[in-house]
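# Following is a predicted model, sequence given first.
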Amino acid sequence: MSVVRNVELAPPSSRRGLAVLFPGANRWRVPLSVLTLCILPWVLPSQALAVNVLIYGLLAVGYNLLFGYTGLLSFGHAAFFGAGAYATGIAIGTFGVNWFVAMVVGLAVAGFLATIMGMLAIRTRGIYFSMVTLALSQLVYYTALQASSWTGGENGLRGFTVSTLSFPGFSLNFLDPLVKYYAITIVVALALWFVSRALNSPFGAVIEAIRENETRARACGYNVERTKLLSFVLSGILCGLAGTLSAMHLSIVPLDSLHYQTSGLIVMMTLLGGAGSFFGPFIGALAFLLMEDIFSLWTTNWQLIVGVIFILFVLYLPKGIWGTLISWGKGR
Amino acid sequence: MTKGIDKLVQRPISRRTALIGLVGTAGALSMPWIARAQAETIRIGFPTPLTGPFAAEANDQVRSAQLAVKLANDKGGIAGRKVELLVRDDKLNAGEAATRTLELIEKDKVHAVVGALSSAVQLAVNEVTRARNMIYVSISQSDTINEIKDFSPYTFHEALNPTMTTAVVARHSFQKGSKVAYLVADYAYGHEMLTGFKRAAEVIGAETVGEILHPFGAADYSTFIPTILSLNPDILCICNFGRDQANSIKQAVDFGVKDMMKIVVPVILHNQRLAVDPEVFEGVVGGANYYWGLEETVPSAKAFNDVFRAEYKGAIPTDYGAYGYTGVASLLMAIEKAGGTEPQKVIEAMEALKYDVAKGEQFYRKCDHQSVQSVLVLESKAKSDMKSDADLFKIVANEPASESILRSCSELGFKS
Amino acid sequence: MTVQLIAMQLFSGLALGAILIMVALGLSIIFGMLGIVNFAHGALFMVGAYAGLYVAGLTGSFWWALVLAPVLIGLFGMLIERFLIRPLYGRSPDDPLLLTFGLGYVLVEAVRILFGTDGIPFSTPAALRGVVNLGIGFFPLYRLFVIGVVLAVLLLLWLGLERTKFGLIVRAGSADPLIMRVLGVDISKLWLVVFGIGVGITALGGVLAAPMRNVSPEMGTLVLAEAFVVTVIGGMGSLAGAVIAGLIVGVAVSMTSLFAPEMATIVMFALMALILLVRPNGLYGRAAPGL
């Protein structure tokens, strides 16, 4: 039953959708996305919010690779976000390495953790996959809480403020909000380019085949387990990258970044924007953070509004904001 | 003025190195702001957890802080300038607090930040303000913020810290030879409270018979209680906070623990006491920074209660709420003395300040910027002894401000 | 460390296990019969406690609260099924999960608006106060009462499912809804009732927990985690599994409390991860639906 359903209601791939909206858009989707991001700090209420949109957008894009394109609902991606953030912070604060090495360390640790968690989790299916990822990420959360001499425990990790980004020959003042924004945009742009390449590669075709019909993909001779694991790890590394950026942006790592509610937040953002579409997750992060920012100034009961909007999306717009726009474009 | 000049010098350099044309426009756009810097309103950012389990305390903080601002504006402002409080919801989340603080500094161009209601949140705000040379007055308990590792010359800690509260509470509840068992929440703040109590116990000559760590935020404490009972102590010290405290005390009382030993907590909260039946807390002893009943003996407390009642339809200020008042009022007094918001001058004025706005004389110690202040020891009343709904506690002691209950500067890592 | 202490600890563990079963039962029923992961479970538990508070306030009696609150919230659960869950049948199994996740946000915030953000006192009923001497130590009478209620609810559920016609239809419906429809059974009515019962039992858990854990809008957050652990270890959808898992988790937590108390929470998740690695569908679970 559900197999049939999947084919019917699977979110349309943005490649097809965008191609209809603008001929040749597939090739342009990364530059167009980056251009949109470049405008953000000038239209959003604050630059700190704009940086958060970049970071959570990247987080959602990474998550979308697994949830939207491969069809695996993980409830534990906070673990990779937090691991990337903690590893970067510890590398700078405790070991005194420079920011670039620290970022690489953050990616490596997130990737390592994703490999282990992925190998354990892809043995299970359906709802159990969600639960195993949830359980494993809670283990990571409690480990970070206990290892307070490394992580700062409940107080969070501090003492690694990055105030300048030094390059050979010049340096950037990372405390200047606009410099920070565009520096992070460059990293995010590279990540988007990478995701776009991955989706256009045979790997991208196989993960979508697994999402549409796992049995058929297996029958076609694809190694489903290995592809799932690769997708899990790539997704984890991208979320880890978002974590390293978050650590450098906020100059702290809160313990909450590992909590399962952060995982829930990622799912909400991805779904809101449109799972399985290229730019959807960014739209979701933008919509969510903007709603939160505006409503929380206006009322302390902002969660009520956010919750209702989310319910309405699940009921009436399961393709999310971007996914719905794309299917409208296609219908025309 | 120097701050403005600093900005003028700093910005073009970063612009040139940044090599991003857009930044240039941003610098030019912000120029008019620098020009009118001195005449403008004094803006104070106030991050506090308006949503989440401490929303009641946060609302009390906001009301008290707004009262301090209103009083300042009513008498013509501070240093000839109006004062404005910018309240933001930090959701009791350190990441959210850091973002809000960045927003307050970068977008709202605040001159100082006051606030926070948890150890993690204040350390996050401290980290952001420290890197940006921004004055921050922290109004939530923590020992960590006093230590050299997290010290910022721009940060002042107006709240009590666990060392102070536990020292005074132990002095009025432990005796020589008392057998004390500890139930401790396993996180930094819990451990700080435990360390404080044990240090005090050693001086008094009380004996530690056991320490039981419980996971932070546990819902069920029944499995810890058999061990506590088997230790057979005279006093059970419960070192946790907020909901954990209410839950653990309630469940201990269900097991009949209170019939066998005295329960002592480092901090007893007005609003958390209201969330539980009076019988549960009856006889529990704990510390506090403020209790409205102080008005019988302390004139400034009477004055604070009176303006608060007049402003908020007879409501009374609570413990964490009062921090909002003392924190903002002390900062405004220092800005007045400094003649403006120039950070270095404000720091000097804060360090030299002696203030008595709500609870007797207070001052900021020079080395760690900790506010030296009185500590109250309260005992929760039986329902039959309560004269009104707000008559919750009996004041066991009001220990006057003294540096002797603080850790020494050299102990904290400062060279003196 | 005496034998007496260890025995007492073991008993506390079993008692905690009973409470955990109560906490998890509603989640387990709804998943087992309908295949829906109810992420609003914790919030409904909390709403149940508040409903109990409200009814107790109106009638002045804990006993009315114990009976009426679950019924009221069970009816509320039926409304949720009818208007929010039913449109999602036939879509991805992820959709109800996501919807109830959002519903959890809404319920918590609604309670904050209606009852305030502070905790509210909920007294232990006078008849159930005090402690009982078990021979190995003292134990609160109220907790013994909760164990009794849990046993009664389990017995009723078992009888209802195994010994009545309704139970037979429910079991058949959860095994193969399509065949049942072909046979002319109105499946949607059945699911409405089952969802209502699940939510009602969740609310009963909330009322029972109220005198032990303080009533506050956030009390469901931890409950959700506890319920998931128990349900997943037992095997989602297995009543017997939930019972065994609840007891195992209770004893594990209790024994950890004795030897390494600060690990008492982490042990639940470690146990869950471990069991799922050995048995990917939990102790008594069947394969996940939709595959």
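Arrived safely.
# What count of nearby residues applies to residue B:366?
Residues near residue B:366, counting by other CB atoms under 10 Å in any protein chain shown, number 13. C-beta: built from backbone N, CA, C; applies to glycine.
# Residue C:163 too?
Neighbours of residue C:163 under the rule other CB under 10 Å: 10.
# okay, residue B:45: pLDDT?
pLDDT for residue B:45: 97.
# my read is it is in a strand, agree?
Yes - looking at residue B:45 with DSSP: H, G, I helix; E, B strand; the rest coil, it is inside a strand.
# thought it was touching residue B:116?
No - look at residue B:45 against residue B:116 with CB atoms under 8 Å: they stay out of range, at 10.9 Å.
# between the two, which one's more packed in?
residue B:116 (34 against 26).
# how about the more buried one, what does it touch?
Applying CB atoms under 8 Å, 6 or more residues apart in numbering or on different chains, one finds that residue B:116 lies in contact with B:47, B:48, B:90, B:97, B:122, B:125, B:138, B:139, B:140.
# which SS state does residue B:397 fall under?
Under three-state DSSP, residue B:397 comes out as strand.
# Could you check the pLDDT of the residue nearest to the spatial centre of chain B?
The centroid of chain B falls nearest to residue B:140 when counting by CA atoms, centre = their mean (2.2 Å). If you check residue B:140, the pLDDT there is 93.
# And it, how far from residue B:48?
As judged by CB to CB, to the nearest Å, residue B:140 and residue B:48 stand 9 Å apart.
# any shared contact partners between these two?
Contacts common to residue B:140 and residue B:48, judged by CB under 8 Å, 6+ apart, are B:116, B:117.
# Angles on the backbone of the closest residue to residue B:414 other than its chain neighbours, please.
Residue nearest to residue B:414 in three dimensions, not counting chain neighbours: residue B:367, with 4.3 Å by CB to CB, 6 or more residues apart in numbering or on different chains. Recorded main-chain torsions at residue B:367 are phi -70, psi -50, according to degrees, to the nearest 10.
# Stretch B:217-225 near chain C anywhere?
Yes - Stretch B:217-225 reaches chain C (CB under 8 Å from any CB of the partner chain) through B:217, B:218, B:219, B:220, B:222, B:223, B:224, B:225.
# Ramachandran angles for residue B:414?
Torsion angles, degrees, to the nearest 10, at residue B:414: phi -90, psi 140.
# wait, it sits on residue B:368?
Yes - because the distance of 6.5 Å satisfies CB under 8 Å, residue B:414 is recorded as touching residue B:368.
# In terms of neighbours, single out the busier of the two.
More crowded of residue B:414 and residue B:368, by other CB under 10 Å: residue B:368, with 22 against 16.
# Need phi/psi at the nearest residue to residue B:82 once chain neighbours are set aside.
Excluding the flanking residues, the one nearest residue B:82 by CB to CB, 6+ apart is residue B:41, at 4.6 Å. Backbone torsions of residue B:41, given as degrees, to the nearest 10, read phi -60, psi 140.
# Residue B:41 and residue B:85 touch, don't they?
No - using CB under 8 Å, residue B:41 makes no contact with residue B:85, being 10.5 Å away.
# between the two, which one's more packed in?
residue B:85 (20 against 13).
# May I have the beta-bridge partners of that one?
Judged by DSSP bridges, the bridge partners of residue B:85 are residue B:44.
# list the contacts for it?
If you count contacts by CB under 8 Å, 6+ apart, then residue B:85 has B:44, B:46, B:65, B:66, B:69, B:328 around it.
# since we're on residue B:134, how many residues are nearby?
22.
# Distance of it relative to chain A?
As judged by CB to the nearest CB, to the nearest Å, residue B:134 and chain A stand 11 Å apart.
# who does the top helix by length along chain C touch, helix- and strand-wise?
Determined from DSSP state H, the single longest helix within chain C is helix C:3-34. Judged by 3 or more CB pairs under 8 Å, 6 or more residues apart in numbering or on different chains; DSSP states H and E, the packing partners of helix C:3-34 are helix B:225-231, helix C:41-59, strand C:138-140, helix C:141-163, helix C:165-175, helix C:187-209, helix C:219-234, helix C:239-259.
# Give me the contacts around the fifth one.
Read that as helix C:165-175. C:32-35, C:160-161, C:179-180, C:185, C:187, C:190-191, C:194, C:237.
# picking that back up, got the residues of stretch B:217-225 next to chain C as CSV, with pLDDT and neighbour count columns?
What follows is the residues of stretch B:217-225 next to chain C, written out as CSV (pLDDT from 0 to 100; neighbours: other CB atoms under 10 Å in any protein chain shown):
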residue, pLDDT, neighbour count
B:217, 85, 20
B:218, 88, 23
B:219, 88, 22
B:220, 91, 26
B:222, 92, 23
B:223, 92, 25
B:224, 94, 25
B:225, 93, 27
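# now those residues in CSV, with distance to residue C:56 and secondary structure?
Listed next are those as CSV, based on distance: CB to CB, whole Å; DSSP: H, G, I helix; E, B strand; the rest coil:
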residue, distance to residue C:56, secondary structure
B:217, 27, coil
B:218, 26, coil
B:219, 21, coil
B:220, 22, coil
B:222, 23, helix
B:223, 28, helix
B:224, 29, helix
B:225, 26, helix
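# Counting neighbours, what do you get for the residue of the stretch 151-300 of chain B found nearest chain C?
Distance from chain C to each residue of the stretch 151-300 of chain B (CB to the nearest CB) is smallest for residue B:275, at 3.2 Å. Other residues lying near residue B:275 total 24 when counted by other CB under 10 Å.
# Roughly how far does the nearest residue to it once chain neighbours are set aside sit from residue A:67?
Excluding the flanking residues, the one nearest residue B:275 by CB to CB, 6+ apart is residue C:119, at 3.2 Å. Using CB to CB, one gets 36 Å for the distance from residue C:119 to residue A:67.
# longest single helix anywhere in chain A?
The longest helix of chain A (DSSP H) is helix A:224-250.
# Whichever helix or strand comes after it near chain C anywhere?
Remark: after helix A:224-250, the chain's next helix or strand is helix A:260-273, criterion DSSP states H and E. Yes - applying CB under 8 Å from any CB, one finds helix A:260-273 touching chain C at A:260, A:264, A:267, A:268, A:271.
# among those residues, who's most crowded?
The most crowded member of these, judged by other CB under 10 Å, is residue A:271 (32 neighbours).
# From residue A:318, how far off is that one?
Counting by CB to CB - residue A:271 and residue A:318 are separated by 8 Å.
# same thing with residue B:344?
Applying CB to CB to residue B:344 and residue A:318 gives a distance of 57 Å.
# Show me which of the two is the more surrounded one.
Taking neighbours as other CB under 10 Å, residue B:344 and residue A:318 compare with residue A:318 leading, 21 against 13.
# so what pLDDT did that one get?
In this model, residue A:318 carries a pLDDT of 87.
# And what about it, helix, strand or coil?
Applying three-state DSSP: residue A:318 is coil.
# surely it meets residue C:95?
Yes - using CB under 8 Å, residue A:318 is in contact with residue C:95, at 6.6 Å.
# Residues of the stretch 101-250 of chain A that sit close to chain B?
So far as CB under 8 Å from any CB goes, the stretch 101-250 of chain A lies against chain B at A:142, A:145-146, A:148, A:152-156, A:158-159, A:161, A:163, A:170-173, A:175-179, A:182, A:246, A:250.
# Before I go, just wanted to say thanks for your time.
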